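Participant: Dropping a prediction and its sequence here:
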Amino acid sequence: SSVYNPFEKTQQQHEKRRDLDQHDVRRRERYAQELRKGSTGENFLKPGGLWRTQVYKTYKAGAFVFTGILVPFWLTHYYIKYHLLYQPYGVVVSKPKIFPGDTILETNEVVPPLEIPDSHH
């Protein structure tokens, strides 16, 4: 008959779990062995490999450009713009004032004299 007492039932469940765990471990081990023998996983970051040296050179060049060129350039630009220039914030430049009798260079026009009324109000 196929009737089990509770002890046998739990024992069978434990055996089934153990077998499944072992099967899963064996599957993972087989996958790990395939990775180990494959050339991609082993040679990808091998010391002295072409990929590794190119990544390192690119990183060093990028770090130099950022810390050796961009940051100093930005700091210099900031200092000149906000601390050395006479104009506020280095942006606003006022036009020279025009008085009656002045000649406008682009058009050679002469600014006419102001008409001042005789009476106030």
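Facilitator: Perfect, thanks for sending it. Computed from a predicted structure; not experimentally measured.
Participant: Let me know the next secondary structure element after the helix or strand of the chain with the lowest mean pLDDT.
Facilitator: Of all helical and strand segments in the chain, the minimum by mean pLDDT, DSSP states H and E falls on helix 39-43, at a mean of 60. Moving toward the C-terminus from helix 39-43, the next helix or strand (DSSP states H and E) is helix 50-64.
Participant: Low-confidence ranges, the protein, go.
Facilitator: Applying pLDDT under 70 to the chain flags the ranges 1-2, 24-28, 30-31, 33-45, 86-94, 119-121.
Participant: how does it divide into domains?
Facilitator: By the assignment in automatic domain parsing, the chain contains the domains 1-37, 47-109.
Participant: roughly how far is the longest one from the heart of the chain?
Facilitator: Mean C-alpha position of domain 47-109 versus that of the full chain (C-alpha atoms, centre = their mean, to the nearest Å) differs by 21 Å.
Participant: end-to-end on that domain?
Facilitator: This stretch, domain 47-109, spans 78 Å end to end (C-alpha to C-alpha, to the nearest Å).
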